[in-house]
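*Asks:* Compute the structure for the input listed below.
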Amino acid sequence: MSTPEDFAVAVSRLSLVSETQHDLGPRQLSPGEFRTLRQLERRLRTGQLDAVNIRDVQQLAALGLAHHDRGGWRPTKDGLNYLDQQPSQGLSDEEAATT
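*Replies:* Residues are numbered from 1 along each chain as shown. Just a heads-up that it's a prediction; the model follows:
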């Protein structure tokens with residue numbers, strides 16, 4: 001059991017962090033996962049889908065950003081919202097299509 005002194009020391013080390021520092025959620029996508037999500041979004045717009053890395057798309061599904069149905073892999077509403085909130089990370093549609 002911790003003593004009151006230990007608690008006081010622990011509390012003195014606490015600090016407030018910004019929301020972006022605290023948020024370790026889907027914003028931490030790898031470049032491949034982000035590219036795959038952009039490709040899935042482009043499929044909704046254009047109907048064209050290049051090959052995607054299955055591990056990346058499965059990770060997106062685990063995060064709730066993509067799902068698989070009879071029509072194949074598609075971004076979820078959360079995935080589309082995520083893309084709307086993110087900077088492009090330097091990828092144009094053409095780059096996303098070729099990588």
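*Asks:* Tell me if Trp73 really is in a helix.
*Replies:* No - assigned with DSSP: H, G, I helix; E, B strand; the rest coil, Trp73 falls outside any helix and is strand.
*Asks:* In the protein, where's the longest helix?
*Replies:* Selection of the longest helix in the chain by residue count, based on DSSP state H, yields helix 31-46.
*Asks:* Going by neighbour count, list what's buried in that helix.
*Replies:* Going by neighbour count (16 or more other C-beta atoms under 10 Å), the buried part of helix 31-46 is 33-43. C-betas here are computed from N, CA, C, even on glycine.
*Asks:* Would you agree His68 falls within a helix?
*Replies:* No - counting by three-state DSSP, His68 is not found in a helix; it is strand.
*Asks:* So it is in contact with Ala62, correct?
*Replies:* No - applying C-beta atoms under 8 Å, one finds His68 not in contact with Ala62, separated by 11.9 Å.
*Asks:* overlap in contacts of these two?
*Replies:* Overlap of the contact sets of His68 and Ala62 (by C-beta atoms under 8 Å, 6 or more residues apart in numbering) is empty.
*Asks:* For the chain, which segments count as helices?
*Replies:* 4-12, 19-22, 31-46, 54-62, 77-85, 93-98.
*Asks:* excluding its backbone neighbours, what's nearest Gln59?
*Replies:* Glu33 (5.6 Å; C-beta to C-beta, 6 or more residues apart in numbering).
*Asks:* residue contacts, the one you found?
*Replies:* Taking C-beta under 8 Å, 6+ apart as the test, what Glu33 contacts is 56, 59-60.
*Asks:* Please apply the same query to Val57.
*Replies:* Contacts of Val57 by C-beta under 8 Å, 6+ apart are 36, 40, 66, 73.
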